[in-house]
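1. Starting from these lines, generate the structure:
(one chain, ligands or ions: 1)
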Amino acid sequence: MRIAIGSDHAGYMLKTEIARWLVAQGYEVRDLGTDNAEDSVDYPDFARAVAQAVAAGECDLGIALCGTGIGVSITANKVPGVRAAVCTDTYMARMSRQHNDANVLCLGGRVLGVGLALDIVAAWLAAAFEGGRHARRVAKYELLEAQTSKLKAQKG
Ligand code: RB5
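-> The predicted structure follows:
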């Protein structure tokens, strides 16, 4: 499985730990930056790169990090086809896959310790979308996304 990962400076340290763990678990990791914790960069640039890699089918899933996970989640959810979820515990991580079919996991480098973050990533990757009534609900936000895109296109 191919996983895109990206962060700003605030998520960099945790990104490094997660990427190393993913590789050790046998995942194919595409690291889309940033490449250090010192230089202040803009999280939308990296969240967009992760989201687009997933939306384009270049990667199966994505992980995006910033200080809180909030900024990258807001950004990633602007990319059609992306369902990004900020998770601060393993229950949220599992549910975001089982019920919401999340394809981008968003984490806060200033919120989570490495141990909990790795547990969250493991729980997220181990879970699968349950379909059924949840598919009906996911289809409703996919429809809203399509309708909104269409309206925007009509407005020019
Ligand atoms: C950067 O200081 C910080 O604002 C960013 O990492 C993130 O937490 C935004 O949501």
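
2. Next, Ile3: secondary structure please.
-> With DSSP: H, G, I helix; E, B strand; the rest coil as the basis, Ile3 sits in strand.

3. who's it bridged to?
-> Counting by DSSP bridges, Ile3 forms beta bridges with Val29, Leu61.

4. Now the most centrally placed residue in the chain. Its backbone dihedrals?
-> The chain has Val104 as the residue nearest its centroid, 2.4 Å off, counting by C-alpha atoms, centre = their mean. When read as degrees, to the nearest 10, the backbone of Val104 gives phi -130, psi 130.

5. beta partners for it?
-> Beta-bridge partners for Val104, by DSSP bridges, are Gly62, Ala84.

6. change the start of the numbering to 11 and stick with it
-> Got it, the first residue is 11 from now on, which makes the last one we talked about Val114.

7. correct me, but it touches Ala94?
-> Yes: counting by C-beta atoms under 8 Å, Ala94 is a contact partner of Val114 at 3.9 Å. C-beta coordinates here come from the backbone N, C-alpha and C atoms, glycine included.

8. For the two, list the residues in contact with both.
-> Shared contacts of Val114 and Ala94 (C-beta atoms under 8 Å, 6 or more residues apart in numbering): 61, 72, 74, 83, 86.

9. Check the spacing between the nearest residue to the third one once chain neighbours are set aside and Ala133 real quick.
-> Across the structure, with C-beta to C-beta, 6 or more residues apart in numbering as the measure, the residue nearest Ala74 apart from its sequence neighbours is Val82 (3.8 Å). Taking C-beta to C-beta, to the nearest Å as the measure, Val82 and Ala133 are separated by 19 Å.

10. hang on, the earlier thing: so which other helices or strands are in contact with the helix or strand encompassing the residue nearest to Ala74?
-> Here Val82 sits within helix 80-86, counting by DSSP states H and E. When contacts are defined as 3 or more C-beta pairs under 8 Å, 6 or more residues apart in numbering; DSSP states H and E, helix 80-86 packs onto helix 53-65, strand 71-76, strand 94-96, strand 114-118.

11. What's the mean pLDDT across the helix ranked longest in the chain?
-> The longest helix of the chain (DSSP state H) is helix 143-165. Per-residue pLDDT values over helix 143-165 give a mean of 93.

12. buried residues in it?
-> Of all the residues in helix 143-165, those buried under the rule 16 or more other C-beta atoms under 10 Å are 148, 155.

13. Sounds good, over and out.
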